[in-house]
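Engineer: coords below, sequence missing:
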């Protein structure tokens, strides 16, 4: 939760509390329309602050950037990276992550296969 949202929720709680108190006091021993109007305006401002705090959450989520770094297996040399099926030249753009595993899609023959790491011994 961001600091702006926390501040907005605290301010909304305070304004709503005072709004309810003003409305309650308006119907005391003697009716006071000024206090009723003040209380209704305060309650409206409190709900407006809650709405504003909810909008802050959605804006923060929309601005989130995700960076995906692909770490290829050990013996992959990108200067001579070739398709296993047709031997066509591949680039790093042809490698994607599918379910946590690096997968190569050949633009020439359409073959899709998972990169596997050969033993290093």
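Structural biologist: Good, I have the coordinates. Please read these numbers as outputs of a predicted model, since none were measured by experiment. Residues are numbered from 1 along each chain as shown.
Engineer: Report the helix or strand with the lowest average pLDDT across the chain.
Structural biologist: strand 95-98 (a mean of 82; mean pLDDT, DSSP states H and E).
Engineer: Return the list of helices and strands in contact with it.
Structural biologist: Counting contacts by 3 or more CB pairs under 8 Å, 6 or more residues apart in numbering; DSSP states H and E, strand 95-98 packs against strand 101-105. Yep, even glycine has a C-beta here, placed from its N, CA and C like the rest.
Engineer: Partner strands of the next helix or strand after the strand it packs on and their direction?
Structural biologist: Following strand 101-105 in sequence order, the next helix or strand is strand 112-114 (DSSP states H and E). Strand 112-114 pairs in its sheet with strand 101-105 (antiparallel), by DSSP bridges.
Engineer: per-domain residue ranges of the chain.
Structural biologist: The record assigns the chain these domain ranges, following automatic domain parsing: 3-62, 67-121.
Engineer: Check the model's average confidence along the longest one for me.
Structural biologist: The pLDDT scores in domain 3-62 average 88.
Engineer: Off-centre distance for it?
Structural biologist: Here domain 3-62 is found 27 Å from its chain centre; the criterion is CA atoms, centre = their mean, to the nearest Å.
Engineer: before we move on, what about the last one?
Structural biologist: The gap between the average C-alpha position of domain 67-121 and the chain average comes to 30 Å, counting by CA atoms, centre = their mean.
Engineer: Please work out how many residues are found near the closest residue to residue 68 other than its chain neighbours.
Structural biologist: Excluding the flanking residues, the one nearest residue 68 by CB to CB, 6 or more residues apart in numbering is residue 97, at 6.2 Å. Neighbour count of residue 97, defined by other CB atoms under 10 Å: 12.
Engineer: in this structure, which spans are helices?
Structural biologist: Here the chain has its helices, by DSSP state H, at 3-26, 33-62.
Engineer: Any chance of a markdown table for those, columns distance to residue 111?
Structural biologist: Formatted as a markdown table, these follow (distance: least, CB to CB, whole Å):
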| stretch | distance to residue 111 |
| --- | --- |
| helix 3-26 | 49 |
| helix 33-62 | 37 |
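Engineer: Residue 104: which of those helices is closest?
Structural biologist: Smallest distance to residue 104 across the helices of the chain (CB to CB): 32.4 Å, for helix 33-62.
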